[in-house]
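Asks: predicted model and sequence below, questions to follow.
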Amino acid sequence: MPVNFLQVKTNLEQYSQKVKRLSDKLAMLEEELWQSYVLNSEKLDFMQALVSSTAKNSKNFYCACPVREALLTAIAPPEIATNYTIIAADGSQIQPSRHKAVQFCVINVGIIKAFMGSGQAPEIQTFSQLLDYEQLFSEDGQLIDEDAVAIMRDFAERSVIQQSITPDPHPILSITDGPLGLYQRAAARNDSKELQTKLLNIYHDIAEQGVISAGYIDKPGSDMIGRLFSIMKNDEQGQSEYDSKKRFYKGVSDVAIFRRFLEQPGARSAVFEMINQDDKGQKSSLPVHFFYMNVGQGSPYIVRVEFPEWVGRNPQRVDLLHAVIFKEVKVLDRNPYPYILHRAHELAVIHFEEYEEVERMLLEAYEKAEISSGVQSNKEANKIYSGK
């Protein structure tokens, strides 16, 4: 049966009114946050000291902290180097399902290595990994969930980048989609510490080779600036304890602030440090810096670019990353997004026919090994029969 649109329609007016009330409230908070942002643009030492002292007494602590540039910094994209190498990797996966006759997981990573300014054709590869059977199960014996597979996929992307790095007389940059580290997802899992350690080793190795690694976040939804100024609001009101769930500027996104003054296409914000602690007060193992950037050609379209601290502390490296990212997003000018990362995604996508072929190969291997393949659930069978 189709959706009962008449029933949906009965709630539209009430729904819209609630959206309007919330939007008006957020607009007021946004304006107040903006005024405070402008007023405190130069007070970097004060903000750094306040964040440091708050972090010592807080858990589940997450906010931005300025590094060296005033908050109202808006830097146009610099001139780009003629020769550099850029590596992009993206992944996809087949999620294991208890409804299937055969339970398996495949992680697919597409990677492109382009030698800009050399006239040389880019290197293009796909790496496909069938997880070992024991990897399909968590510590409590249940099938791993989507978050667990996503952690392994993200790790596989970084591993493939590490393997693709070779000596190069020109600067090397690598880019992946999404946050740079695994911290947000991995922090909630007891079995993720080993991956965290391995990931940190990869980034250390990449850094030793001078490779500038970056994570590109399209349409970011974070409110790290609002969290920073909520701490300042607490300080103004003489409140020593900070509770992120009761923060003053809750719900005001960073994008709302940066779209106000990053008007020029390609302009970036100041560099910020990401302060990130879990519920035990433990900091992320990978210190991350970031800037916001307007990649829109008409109205502002704000994205976030993350990179390791060692890159953020060096203005020349930040300039190079800034210029390269802007050059990449201009290729897809209608919907700006790094072209090389888009191509890596196209390589990585697993189509349904490929899923079926892997399943067929496994069933064939099971038969040869005289292994029972299990039974497909009736729910799954009915979906297939109905063409879904």
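Replies: Here it is on my side, so go on.

Asks: from here on, just use CA atoms for contacts and neighbour counts.
Replies: OK.

Asks: low pLDDT regions in the stretch 1-150 of the chain?
Replies: Within the stretch 1-150 of the chain, the ranges that satisfy pLDDT under 70 run 1.

Asks: can you show me the strands along the stretch 1-150 of the chain?
Replies: With DSSP state E, counting those that start in this stretch, the ranges of strands along the stretch 1-150 of the chain come out as 62-66, 84-94, 106-116, 123-130.

Asks: for the ones you listed, give me JSON lines that also has distance to Q162 and mean neighbour count.
Replies: As requested, the strands of the stretch 1-150 of the chain are exported to JSON lines (distance: least, CA to CA, whole Å; neighbours: other CA atoms under 10 Å):
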{"stretch": "strand 62-66", "distance to Q162": "28", "mean neighbour count": "23"}
{"stretch": "strand 84-94", "distance to Q162": "10", "mean neighbour count": "24"}
{"stretch": "strand 106-116", "distance to Q162": "11", "mean neighbour count": "23"}
{"stretch": "strand 123-130", "distance to Q162": "13", "mean neighbour count": "14"}
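
Asks: quick one: the residue nearest to V109 when sequence neighbours are not counted and K56, what's the gap?
Replies: The shortest distance from V109 to any non-neighbouring residue, by CA to CA, 6 or more residues apart in numbering, is to G91 (4.2 Å). Using CA to CA, to the nearest Å, G91 is found at 37 Å from K56.

Asks: now do K43
Replies: Distance, K43 to K56, using CA to CA: 21 Å.

Asks: now do Q239
Replies: 15 Å.

Asks: ok, D24 next?
Replies: Taking CA to CA, one finds D24 at 35 Å from K56.

Asks: any weak-confidence spans in the stretch 201-350 of the chain?
Replies: 240, 279-284.

Asks: please enumerate the helices of it.
Replies: Using DSSP state H, counting those that start in this stretch, the helices found in the stretch 201-350 of the chain span residues 224-236, 254-258, 309-312, 315-331, 339-348.

Asks: nearest spatial neighbour of Y133, skipping sequence neighbours?
Replies: In space, Y133 is closest to F104, 7.2 Å off (CA to CA, 6+ apart).

Asks: what's the burial count for the closest residue to S97 other than its chain neighbours?
Replies: Spatial nearest neighbour of S97, chain neighbours left out: Q103 (6.0 Å); criterion: CA to CA, 6+ apart. Neighbours of Q103 under the rule other CA atoms under 10 Å: 17.

Asks: give me the nearest residue to S299, chain neighbours excluded.
Replies: Nearest in space to S299, with sequence neighbours left out and distances taken as CA to CA, 6+ apart, is E263 at 7.9 Å.

Asks: that neighbour: neighbouring residues, count only.
Replies: For E263, the neighbour count with other CA under 10 Å is 22.

Asks: how about the contacts made by it?
Replies: By CA atoms under 8 Å, 6 or more residues apart in numbering, E263 lies in contact with N294, S299, P300.

Asks: swap in P179?
Replies: With CA under 8 Å, 6+ apart, P179 has these contacts: G215, Y216, I217, E306.

Asks: tell me how far the residue nearest to L332 when sequence neighbours are not counted lies from N314.
Replies: Nearest residue to L332, sequence neighbours excluded (CA to CA, 6+ apart): Y339, at 6.4 Å. Distance of Y339 to N314, computed by CA to CA: 26 Å.

Asks: settle this for me: the residue nearest to Y133 is touching L136, isn't it.
Replies: Yes - with contact defined as CA atoms under 8 Å, F104 counts as touching L136 (7.1 Å).

Asks: shared neighbours, the two?
Replies: P96.

Asks: re earlier: how much space between the residue nearest to L332 and E356?
Replies: Y339 is 30 Å from E356, by CA to CA.

Asks: so which of the two has more stuff around it?
Replies: More crowded of Y339 and E356, by other CA under 10 Å: Y339, with 18 against 11.

Asks: ok, the more buried one - contacts?
Replies: Neighbours of Y339 in contact, by CA under 8 Å, 6+ apart: E328, V329, V331, L332.

Asks: could I get the full set of helices for the stretch 1-150 of the chain?
Replies: In the stretch 1-150 of the chain, the segments counted as helices under DSSP H, counting those that start in this stretch are 5-9, 12-39, 44-56, 146-164.

Asks: okay, those in a markdown table with distance to F258 and mean neighbour count next?
Replies: A markdown table is the format used below for the helices of the stretch 1-150 of the chain (distance: least, CA to CA, whole Å; neighbours: other CA under 10 Å):
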| stretch | distance to F258 | mean neighbour count |
| --- | --- | --- |
| helix 5-9 | 36 | 9 |
| helix 12-39 | 9 | 13 |
| helix 44-56 | 18 | 15 |
| helix 146-164 | 28 | 19 |
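
Asks: right, I'll leave it there.
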